[in-house]
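Engineer: need a structure here:
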Amino acid sequence: MPAPAAPVMTASEVSSYLDEVFPQIKTNGDNIAVIDVAPGNALVRLEADDKHLRPGGTVSGPTMFMLADLAAYAVILAHIGRVALAVTTNLNINFLMKPEPGPLDATATILKLGKRLVVTDIAISDSGGELVAHATATYSIPPRT
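Structural biologist: This is a model prediction of the structure:
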């Protein structure tokens with residue numbers, strides 16, 4: 001398997017770009033941040049609190065879905081640059097455990113970076129490092145002009 005591509009943006013640059021083109025991520029006061037990018041990977045952290053809970057006191061599925069989608073977007077932007085119109089074409093998620101409120105880390109890995117499609121794998125873990133959800137996402141990249 002070939003070595004993963006080197007990122008073209010840092011975690012800080014991806015975060016700033018997301019603030020610019022996707023400010024609604026933080027509309028509800030979500031504490032979410034791109035923590036790190038590395039060849040083929042990105043780490044996004046969400047501090048899940050009361051507004052992210054479902055009945056029963058665990059983090060809701062829609063919250064973890066959003067985190068997986070954002071992590072996929074972050075790893076893609078980190079590797080292709082400022083392409084705001086890269087869009088989700090498919091996202092599948094499996095919920096494995098019921099996480100408690102607190103930090104959730106989504107590690108997104110690029111499986112295939114093509115000219116028009118990017119396929120990613122996302123592992124969401126709780127503060128103890130337990131895998132709580134697993135997702136795969138495919139994004140469409142608009143043609144470059």
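Engineer: ok, longest helix in this protein?
Structural biologist: Identified as the longest helix of the chain according to DSSP state H is helix 61-80.
Engineer: helix or strand right after it?
Structural biologist: Downstream of helix 61-80, the first helix or strand assigned by DSSP states H and E is strand 87-95.
Engineer: For that next one, C-alpha coordinates in CSV please.
Structural biologist: The C-alpha coordinates for strand 87-95 follow below in CSV (Å, rounded to 0.1, in the frame of the first residue of the first chain):
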residue,chain,number,x,y,z
VAL,A,87,-19.6,17.3,0.0
THR,A,88,-20.7,14.2,1.7
THR,A,89,-22.1,11.6,-0.7
ASN,A,90,-22.4,8.8,1.7
LEU,A,91,-21.9,8.2,5.5
ASN,A,92,-22.5,4.9,7.3
ILE,A,93,-22.1,4.7,11.0
ASN,A,94,-22.2,1.9,13.6
PHE,A,95,-22.9,2.8,17.2
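Engineer: Which strands or helices does it pack on?
Structural biologist: helix 61-80, strand 131-140 (3 or more CB pairs under 8 Å, 6 or more residues apart in numbering; DSSP states H and E). The C-beta positions use only the backbone N, C-alpha and C, and glycine is treated the same way.
Engineer: Would you mind giving those as CSV with mean neighbour count and mean pLDDT added?
Structural biologist: Listed next are these as CSV, based on neighbours: other CB atoms under 10 Å; pLDDT from 0 to 100:
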stretch, mean neighbour count, mean pLDDT
helix 61-80, 23, 97
strand 131-140, 19, 98
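Engineer: Relative to residue 98, which of those is closest?
Structural biologist: Closest approach to residue 98 among those (CB to CB): strand 131-140, 7.6 Å.
Engineer: by how many degrees do that closest one and helix 61-80 diverge?
Structural biologist: Strand 131-140 and helix 61-80 meet at an angle of 50 degrees, taking axes from the mean of the first three to the mean of the last three CA atoms, to 10 degrees as the criterion.
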